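*Asks:* Structure, please.
(one chain, ligands or ions: 1)
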Amino acid sequence: GSGSVVNEEREENLRSPICCIMGHVDTGKTKLLDCIRGTHVQEGEAGGITQQIGATYFPAENILERTKELKADAKLKVPGLLVIDTPGHESFTNLRSRGSNLCDIAILVVDIMHGLEPQTIESLNLLRRRNTEFIVALNKVDRLFGWKKCKNAPIRKAMKQQSVDVVNEFNRRVTEVITQFKEQGLNTELYYKNREMGETFSIVPTSAISGEGIPDLLLLLVKWAEKSMVEKLTYVDKVQCTVLEVKVIEGHGTTIDVVLVNGVLHEGDQIVVCGTQEPIVTSIRSLLTPQPLKEIRVKGTYMHHKEVKAAQCIKITAQGLEHAVAGTALHVIGPGEDVEEAKKTAMEDMKSVMSRIDKSGEGVYVQ
Ligand code: GDP
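*Replies:* Numbers count the residues shown, from 1 in each chain. Reported below is the predicted structural model:
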């Protein structure tokens, strides 16, 4: 019947999942992302990864290339993966919260040498409150005494190269971390032993220095998202978009960095953004993303796009963005839609942002 047609269409029309990396300071969040990006660049892959502002977009081809040792399917259902990169510094709690808010799925990084730490538990509680699926990256396995490096190898392959002592130490520490999670009321298990994904959270041992376990982490993330989040990831026409940052850029004036969660943005689209005093009605002058990683050091050069499809992180230039408020939604005024209505909706957001600020005692983050 028609039901199956709908399902087929759905499966082929998934947007990229949005993932954020959370955890205690110094567990290797930044390094993990560097590791995923860096290897592709070193390998000189064509059509490679683009480092976005506060986010990195990984096209499906790159994910497949990176995970080929795991003999994954030849195709992914999603076009790629957008990883949100939020600053780890304590003063950015507001920004971290904004980033994690947008996530479909998260990586919770735990240092295998330290186990659960205060910020791990804080992140864990944030994820639970939001009902966000997550995968634990048990990082720094290379620091186990006597670890033999197996650059970028799947974790089980790397484990086979290790001495009995290393394996024992590994098992001891994994068991300890599982116990610590249990104390937080959470069931966890090594991902390749996990038979009840969804009930039991998966642990992927990784090294952000030598890359062991990174293929496993990438593949598990994407496959898990594809399998369990079809509804959420189904592509829709209606734009869902959040302002991440408001920034002055030389030659562009005040710009906004946005995360397009769903839908398409076009050059020339009329938009409404929440402003400190009043709603801002303007139209998109340009849609920019940074150059591919190789060229990102060339300051101030961006790729221009006529349109961008979700999920992506985009810099928007337009008139009158000076007083835009980060953390609020961007609305697109479609043909026949009421500008006044959109203005009202935009300012509703201001109230919720202000109440969050009141509660946390933080100021509006404007860079
Ligand atoms: P963040 O604060 O969570 O972003 O942590 P960083 O990515 O800045 O890493 C903190 C420190 O741990 C840095 O000195 C990294 O080089 C180191 N580090 C991160 N990941 C690993 C890893 O997998 N193995 C080892 N040996 N060191 C790591």
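
*Asks:* how far away is K68 from K77?
*Replies:* 17 Å (C-beta to C-beta, to the nearest Å). Yep, even glycine has a C-beta here, placed from its N, CA and C like the rest.

*Asks:* Of these two, give the one with the bigger neighbour count.
*Replies:* K77 (18 against 12; other C-beta atoms under 10 Å).

*Asks:* So that one, which state does it fall into?
*Replies:* Using DSSP: H, G, I helix; E, B strand; the rest coil, the structure places K77 in coil.

*Asks:* now swap in T175 and tell me
*Replies:* With three-state DSSP as the criterion, T175 reads helix.

*Asks:* pLDDT value on it, please?
*Replies:* Note for T175: predicted pLDDT of 98.

*Asks:* burial measure for it, as a count.
*Replies:* 10.

*Asks:* OK, contacts around the residue of the stretch 1-150 of the chain found nearest the ligand?
*Replies:* Proximity of the stretch 1-150 of the chain to the ligand (C-beta to the nearest ligand atom) peaks at G28, 2.8 Å away. The neighbours of G28, taking C-beta atoms under 8 Å, 6 or more residues apart in numbering as the test, are V109, D111, N139, K140, A208.

*Asks:* mind listing which of the residues you listed are in helices?
*Replies:* Among those, no member is found in helices (DSSP state H).

*Asks:* From those, pick out the ones that also neighbour the ligand.
*Replies:* N139, K140, A208 (C-beta under 6 Å from any ligand atom).

*Asks:* Low-confidence stretches in this protein?
*Replies:* Scanning the chain for pLDDT under 70 picks out 1-12, 38-54, 72-74, 86-100, 291-300, 353-367.

*Asks:* That one against the ligand: which residues are in contact?
*Replies:* So the chain meets the ligand at 25-31, 88, 139-140, 142-143, 207-209 (C-beta under 6 Å from any ligand atom).

*Asks:* Drop anything exposed from the residues you listed.
*Replies:* T27, G28, K29, K31, G88, N139, K140, D142, S207, A208, I209 (16 or more other C-beta atoms under 10 Å).

*Asks:* Most widely separated two among those?
*Replies:* G88 and D142 (20.7 Å; C-beta to C-beta).

*Asks:* Alpha carbons of the helix or strand harbouring K223, in CSV - could you do that?
*Replies:* Assigned by DSSP states H and E, K223 belongs to helix 214-228. What follows is helix 214-228 as a C-alpha-only set of coordinates in CSV (Å, rounded to 0.1, in the frame of the first residue of the first chain):
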residue,chain,number,x,y,z
ILE,A,214,37.8,6.3,15.7
PRO,A,215,36.3,4.3,12.8
ASP,A,216,34.1,2.4,15.3
LEU,A,217,32.9,5.7,16.8
LEU,A,218,32.0,7.3,13.5
LEU,A,219,30.2,4.3,12.2
LEU,A,220,28.3,3.6,15.4
LEU,A,221,27.2,7.3,15.5
VAL,A,222,25.9,7.4,12.0
LYS,A,223,24.3,3.9,12.0
TRP,A,224,22.7,4.4,15.3
ALA,A,225,21.3,7.8,14.3
GLU,A,226,20.0,6.3,11.0
LYS,A,227,18.3,3.5,12.8
SER,A,228,16.8,5.1,15.8
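
*Asks:* next helix or strand past it?
*Replies:* Downstream of helix 214-228 (by DSSP H and E), the next one is helix 230-233.

*Asks:* Burial check on the closest residue to T254 other than its chain neighbours, number of neighbours?
*Replies:* Once flanking residues are discounted, T254 sits nearest to L321: 4.4 Å by C-beta to C-beta, 6 or more residues apart in numbering. For L321, the neighbour count with other C-beta under 10 Å is 23.

*Asks:* repeat for A60
*Replies:* 16.

*Asks:* Backbone dihedrals for it, both of them.
*Replies:* phi -50, psi -40 (degrees, to the nearest 10).

*Asks:* Please look at L190 and I203 and confirm they touch.
*Replies:* Yes - counting by C-beta atoms under 8 Å, L190 touches I203, with 5.3 Å between them.

*Asks:* shared neighbours of those two, anything?
*Replies:* With C-beta under 8 Å, 6+ apart, L190 and I203 have common neighbours V174.

*Asks:* quick one: which of these two has more around it?
*Replies:* Between L190 and I203, I203 has the larger neighbour count (other C-beta under 10 Å), namely 25 against 18.

*Asks:* And the host helix or strand of that one, what does it pack against?
*Replies:* I203 is located in strand 201-205, with elements delineated by DSSP H and E. Judged by 3 or more C-beta pairs under 8 Å, 6 or more residues apart in numbering; DSSP states H and E, the packing partners of strand 201-205 are strand 133-139, helix 164-183, strand 188-190, helix 214-228.

*Asks:* just the ones you listed: most buried one?
*Replies:* strand 133-139 (a mean of 26; mean count of other C-beta atoms under 10 Å).

*Asks:* one step back: tabulate the helices and strands packed on strand 201-205 (TSV), appending distance to P17.
*Replies:* Listed next are these as TSV, based on distance: least, C-beta to C-beta, whole Å:
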stretch	distance to P17
strand 133-139	10
helix 164-183	23
strand 188-190	21
helix 214-228	4
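
*Asks:* Give me the distance between whichever strand or helix holds A158 and the centre of its chain.
*Replies:* If you go by DSSP H and E, A158 is part of helix 155-160. On the basis of C-alpha atoms, centre = their mean, to the nearest Å, helix 155-160 sits 27 Å off its chain's mean C-alpha point.
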